[in-house]
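Quick one, structure for this:
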Amino acid sequence: MNQQQNPNSQMKDSSQMPAQQSHSAHEIFDARESIDGLIGTMEHYKMYEQGIQDQQLQNILNSQYQYMSQLYNTVVDAFQTGQRPPQPTTNYNMELSNDVTYGLSPSQPKQPKTNPQQIDDQCYSSFMLGHLKNCATSSTMAALEATNPVVRRVFQDSIPNFCEMAYEVFLYQNDNNYYQVPQFDQQTQNQLLNSYTHTQTQQH
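Next comes the predicted model:
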């Protein structure tokens, strides 16, 4: 087997190869998994578009889809060339405030929907949140050990934006009582919050 067929037969430094070849095998697998997850998220967003009834949720979906379309092109450019993409990663800015409603109110027990007609905005927003959490996770995994520095940076920069989009959907769900936020009683909360103390910093 010659060197062309077996790239592992000789040790090489990344400075000795073109940027588009400066990828490890595990990086390519992780990147493809992340990109495929982003594609799946965008495709599902298109499926949800026709069923969503609430205009606010529709606006969130449209804004996030537009952002993900741009992000997708940035990631693909970095992945295929190994070089800085023409369109850098931008920041996603959500429209909702950070106000959260705490507490629990009585609600019916959940069970899986058995009819597509039963799928409502609570379902769609839950689906969206799940997709975004998966995108954040897969981007983190891809960034942690990527050998190409540009690919690593693009995935790393995308993580806060997936977090922002997921948080936006969480806030929408919370505002509509789809996602309730329980709290500990004050005594328990204080005990847990105060269960740590500072360490002594070492001077070198």
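
how far away is the most centrally placed residue in the chain from residue 101?
In the chain, the residue lying closest to the centroid (CA atoms, centre = their mean) is residue 136, at 2.4 Å. Note on residue 136: its distance to residue 101, by CB to CB, to the nearest Å, is 24 Å. In short, each C-beta sits where N, CA and C put it, glycine included.

in which helix or strand would I find the residue nearest to the centre of the chain?
helix 121-144 (DSSP states H and E).

about what we covered before: show me the residues around the residue nearest to the residue nearest to the centre of the chain when sequence neighbours are not counted that make contact.
Nearest non-adjacent residue to residue 136, counting by CB to CB, 6 or more residues apart in numbering: residue 162, 3.9 Å away. Shown in contact with residue 162 (CB atoms under 8 Å, 6 or more residues apart in numbering): 132, 133, 135, 136, 139.

For residue 183, state which of those is nearest.
For the contacts of residue 162, the minimum distance to residue 183 (CB to CB) is 22.2 Å, reached by residue 133.

Spatially, which residue comes closest to that closest one, not counting chain neighbours?
The shortest distance from residue 133 to any non-neighbouring residue, by CB to CB, 6+ apart, is to residue 166 (5.6 Å).

now do residue 159
Excluding the flanking residues, the one nearest residue 159 by CB to CB, 6+ apart is residue 139, at 5.1 Å.

how close does the residue nearest to residue 133 get to residue 29?
Where residue 29 is concerned, residue 166 sits at a distance of 24 Å (CB to CB).

Compare the two and say which one has the larger neighbour count.
With neighbours defined as other CB atoms under 10 Å, residue 166 and residue 29 compare such that residue 166 has more, 21 against 12.

Look up how far residue 92 lies from that one.
10 Å.

what do you get for residue 173?
18 Å.

Now do the contacts for the residue nearest to residue 133.
With CB under 8 Å, 6+ apart, residue 166 has these contacts: 129, 132, 133, 136.

neighbour-wise, which of the residues you listed leads?
Within the contacts of residue 166, most neighbours by other CB under 10 Å means residue 132, with 23 neighbours.

In contact with it, which residues?
Residue 132 neighbours (CB under 8 Å, 6+ apart): 41, 64, 162, 165, 166, 169.

neighbours of the residue nearest to residue 159, just the number please.
29.

for residue 140, same thing?
Other residues within reach of residue 140 by the criterion other CB under 10 Å amount to 17.

host element of the residue nearest to residue 133?
Following DSSP H and E, one finds residue 166 within helix 149-175.

Now that helix: average pLDDT?
What helix 149-175 shows for mean pLDDT is 96.

Quick one: mean pLDDT for whatever helix or strand comes next after it?
Once helix 149-175 ends, the next helix or strand along the chain (criterion: DSSP H and E) is helix 186-193. On average, the pLDDT along helix 186-193 is 96.
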